[in-house]
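Asks: sequence and predicted structure are below.
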Amino acid sequence: MKKFGVLCFFLFAFCSFLLSPPAYAASASLSLDPASGSYAQGEIFEIKVLLNTGGGRTSGSDVLLNFDSNLLQAQDIIPGDIYSFYVGEEIDNDQGKLAISGLAGSTDELYQGDGVFATIEFQGKNSGSTQVTFDFTSGYRNDSNVADFDAQADILASASGGSYQIEAGVGGDLTPTPTPTSTTALTATPEPTPTTEVPVTAVVSLTSLMTISGVLLISLGAFLFSLF
């Protein structure tokens, strides 16, 4: 009975270790640069979207921005260079929304650090004070997010927008943005084009995990039994 009790204890501890999520989780952040500014009506200006992974290694990020379509018009989304692929670029100047996603091409291309995720070109449409904000709610995955490869979780902890002033009467004419040809709704999780690289977001299936765990448990049990 003593042998059996000790064996059960070790088996329980081993299973708990396998099935428990990682305790470590980085805290990533998104911000805009500049965070404030004054621009002429009709002037085209750039706002950078900055990503800080907070020490984590990310396999991909989604950025969704909201802006006042009465005062601003989004002209273009220029992808950064911190991810191998940028997909899902969408601009909706009627609703005042835009979206872009970045993906690592393989496990060798995971991003870690502080860099420019993308650059947005805006044009002042009408005079007034306005804000550009991230569509982000902590714990919600269908908005702006940062995927941590090691923790297999969304680690985005904060997203700081910006405030801008559009001055009247001194800028050029508004440059119209071409009507989007895609009818696909804005989405935070676009499907990447399949590649021959190792899938970055691959997760071991439950069946495989249980099979591996069973083999390890049997081996561990035999070893412990031989000690008594």
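Replies: Received, thanks.
Asks: where do the strands sit along the chain?
Replies: 28-33, 36-40, 44-52, 58-67, 72-79, 85-92, 97-103, 114-124, 128-134, 145-148, 153-154, 156-160, 162-167 (DSSP state E).
Asks: I figured Y86 was touching P79, is that so?
Replies: Yes - Y86 is within contact range of P79, at 3.7 Å (criterion: CB atoms under 8 Å). No exception for glycine: its C-beta is placed from N, CA and C like everyone else's.
Asks: what touches both of those two?
Replies: Residues within reach of Y86 and of P79 at once, by CB atoms under 8 Å, 6 or more residues apart in numbering, are I100, G102, A118.
Asks: nearest to G60, of those?
Replies: Of all the shared contacts of Y86 and P79, G102 has the smallest distance to G60: 6.1 Å, by CB to CB.
Asks: mind checking pLDDT for that closest one?
Replies: G102 is assigned 98 on the pLDDT scale.
Asks: go on, D154?
Replies: If you check D154, the pLDDT there is 96.
Asks: contact partners for it?
Replies: D154 makes contacts with G139, R141, N145, V146, A147, D148, as judged by CB under 8 Å, 6+ apart.
Asks: got a winner among those for most neighbours?
Replies: V146 (29 neighbours; other CB atoms under 10 Å).
Asks: shaky segments in this structure?
Replies: Applying pLDDT under 70 to the chain picks out residues 1-25, 170-228.
Asks: how about a cut-off of 80?
Replies: The model of the chain has pLDDT under 80 over residues 1-25, 169-228.
Asks: what's the burial count for A28?
Replies: By other CB under 10 Å, neighbour count at A28 equals 24.
Asks: return the most buried member of the strands of the chain.
Replies: Of all the strands of the chain, strand 145-148 has the most neighbours on average by mean count of other CB atoms under 10 Å, namely a mean of 26.
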